[in-house]
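S.K.: with the input below, show me the fold.
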Amino acid sequence: MAKNCLCLTAKTIDRNLEILNKYRKFADIAELRVDCLDPDERLSIRRFPELAGIPVILTIRRDIDGGQFSGGEGARVKLLARGLAFANADTRLNFAYVDIEDDLKVPSLEEAARTFGTRIIRSYHDLEGETVDISAKIKSMQRTGDEIVKMAVAVKTTSDVLRIYRASRNCAVKNKIVICMGHLGIYSRILAEKFGSMITYSTALSENEAAGAAGQLDVRDLAEIYRIRKVSKKTRIYGVTGFPLKATISPWFFNSIFAMENIDAVYCPFPTDSIGSLLKLARELDVQGLSVTVPYKEEVLPELIKYSKSVLNVRACNTVFPVDGEWFGNNTDITGFSDSLLTFINKKNLKRQKITIVGAGGAARAVAAEVYRLGGKALILNRTANKAKSLALLYNFRWEVLDDRGIELISKFSDIIIQTTSVGMEGHEIADPLEMYSFTGKEAVMDLIYMPEKTLFLKRAEDAGCKILNGYDMVIRQACLQYQIFTGKELPQKLISRIKPLGENTWTKIRTV
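M.R.: From the prediction side, this is the model:
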């Protein structure tokens, strides 16, 4: 199994020890980033392994490699030598590893490390993602069999990740660390074993220290949510794909279920710039199921060889899984939405209900289809007329652009107002898609967003006296249906009742550097 390495970037030894002690149970190794220490503190690095009590990597990262050390190579070599000096016969009191860049050639330093059992990590950081033959580069870096080769490459596209994965998979070097740096490569840190890595690097994000490297996940999340210590090459892989994919409950939900059910599986975030490229990578990673979210619920359709009637009806897909080596699509948003809404308004159908649907994207398509099926009449409001019109025509609904005229029409479709866009989502909390509309207090108002718990849209509705509902209940319902599709088993109601209250207001969003 890949080891979880906590990257320590505080300015003092004591602060680094404080952080390590706080997160000790989640980390297998620590990396002391000497380049982040205050100059005076760098003189005391030799005592750190004994104080840490776990294996420590000695690293002094240059600024040209993404670190903070800007001095000359002579000064850096002296610091590395200081860290390795006065080696103890008890190797637990020495640095367990030393990170030496591929272009740093100091034989005496390497000999000292090997003599006293400090393992060399031979590293190369490609911050521009320009290395053409990654497999050849990895092979050329390993000088002796006991060295660990570390290849960290910045990725700008999912195609970059696929290229790096293939290179690592086809590389004969066994002792290696392969990292896809950046947000688009965060799953390479969870699937470290699959990518051929011995070590995966994480950080204590809550401590607000300097970033270790782009894309590092939180050390606690990596251990508790993704159960990195149990992820092997045999672990079944599921996930959610979209962009930017920084606020989703799905990893918390599915991984919590897998842990409770003792299932050897992991559910990863797969942010992507291209749904087509992601599905190619997912096939090679042997991913068994994917949840699909914005902006790919419609874009994914051409990539599917087959899809369910529900997908055909709404022309949107939120669930993808392999069938005989090809991708099949389904849509669980539809049932998840209708079950949640009907429970919310305490009705069996939507007959005699006049409803405003804000938005005309993939989620709105699922909502409109269910409103029609359940007998409701609706007004589709959207920023662009073409999308509003095309969706409305499917069900003989009214439509209008989100302007003064559209706002006036809401009064005729105000029994229920359903907000389906990403406006108001975390990071854009001050936005309100219906800011020109004044709630009367009689509307039942639903927002499919669940992070934040209450959008500005919902807060205004609540302040006016409206009954409100966010998207948490819906997303749990549709996720339960996805679980059944992915695993072939229905999720026990007792388990749903147990996990749902745990997640409400407490679930962890995706946290990365």
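S.K.: residues of the lengthiest helix in the chain that come out buried?
M.R.: Determined from DSSP state H, the single longest helix within the chain is helix 472-487. Within helix 472-487, the residues scored as buried using 16 or more other Cβ atoms under 10 Å are 472-483, 486-487. Every C-beta, even on glycine, is put in place using the N, C-alpha and C of the backbone.
S.K.: any idea where the strands of the stretch 101-250 of the chain begin and end?
M.R.: Along the stretch 101-250 of the chain, the stretches classed as strands by DSSP state E, counting those that start in this stretch are 119-126, 148-154, 176-181, 199-203, 217-218, 236-242.
S.K.: what do you get for the stretch 351-500 of the chain?
M.R.: Taking DSSP E, counting those that start in this stretch as the criterion, the stretch 351-500 of the chain contains strands spanning 354-358, 377-382, 398-401, 416-419, 444-447, 467-469.
S.K.: identify whichever of those lies nearest to residue 173.
M.R.: Between residue 173 and the strands of the stretch 351-500 of the chain, the shortest gap by Cβ to Cβ is with strand 444-447, which sits at 50.5 Å.
S.K.: sheet partners, orientation included, of the closest one?
M.R.: Its sheet considered, strand 444-447 pairs with strand 416-419 (parallel), strand 467-469 (parallel) by DSSP bridges.
S.K.: just send the ones you listed back as a markdown table, with mean neighbour count, distance to residue 401 and mean pLDDT too.
M.R.: Output for these, formatted as a markdown table (neighbours: other Cβ atoms under 10 Å; distance: least, Cβ to Cβ, whole Å; pLDDT from 0 to 100):
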| stretch | mean neighbour count | distance to residue 401 | mean pLDDT |
| --- | --- | --- | --- |
| strand 416-419 | 25 | 16 | 98 |
| strand 467-469 | 19 | 25 | 98 |
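S.K.: and the ones you listed: which comes nearest residue 170?
M.R.: Using Cβ to Cβ as the criterion, the shortest distance between residue 170 and the strands paired with strand 444-447 is 47.6 Å, found for strand 416-419.
S.K.: put the alpha carbons of the closest one into CSV.
M.R.: Extracted as CSV, the C-alpha positions of strand 416-419 are listed here (Å, rounded to 0.1, in the frame of the first residue of the first chain):
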residue,chain,number,x,y,z
ILE,A,416,-43.4,25.9,-6.3
ILE,A,417,-40.1,27.5,-7.5
ILE,A,418,-37.2,25.2,-8.3
GLN,A,419,-33.7,26.6,-8.8
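S.K.: how far does it sit from its chain's centre?
M.R.: In this view, strand 416-419 has its centroid 29 Å away from the chain centroid, taken as Cα atoms, centre = their mean, to the nearest Å.
S.K.: list of residues touching it?
M.R.: Around strand 416-419, the neighbours that count as contacts under Cβ atoms under 8 Å, 6 or more residues apart in numbering are 341, 345, 350, 353-359, 367, 376, 410, 433-434, 443-449, 455, 457, 461.
S.K.: and what of stretch 390-405?
M.R.: Where contact means Cβ under 8 Å, 6+ apart, the residues beyond stretch 390-405 that reach it are 357-358, 360, 364-365, 368-369, 371-372, 377-385, 388-389, 406, 409, 413, 433-434, 436.
S.K.: just the buried residues from the contacts of strand 416-419, in PyMOL please.
M.R.: The following PyMOL selection, which keeps only the buried ones among those, applies the criterion 16+ other Cβ under 10 Å:
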select buried, resi 341+350+353+354+355+356+357+358+359+367+376+410+433+434+443+444+445+446+447+448+449+455+457+461
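S.K.: tell me the SS of residue 77?
M.R.: At residue 77, secondary structure determined by DSSP: H, G, I helix; E, B strand; the rest coil is helix.
S.K.: give the contact list for it.
M.R.: With contacts taken as Cβ under 8 Å, 6+ apart, residue 77 has the following neighbours: 104, 106, 109.
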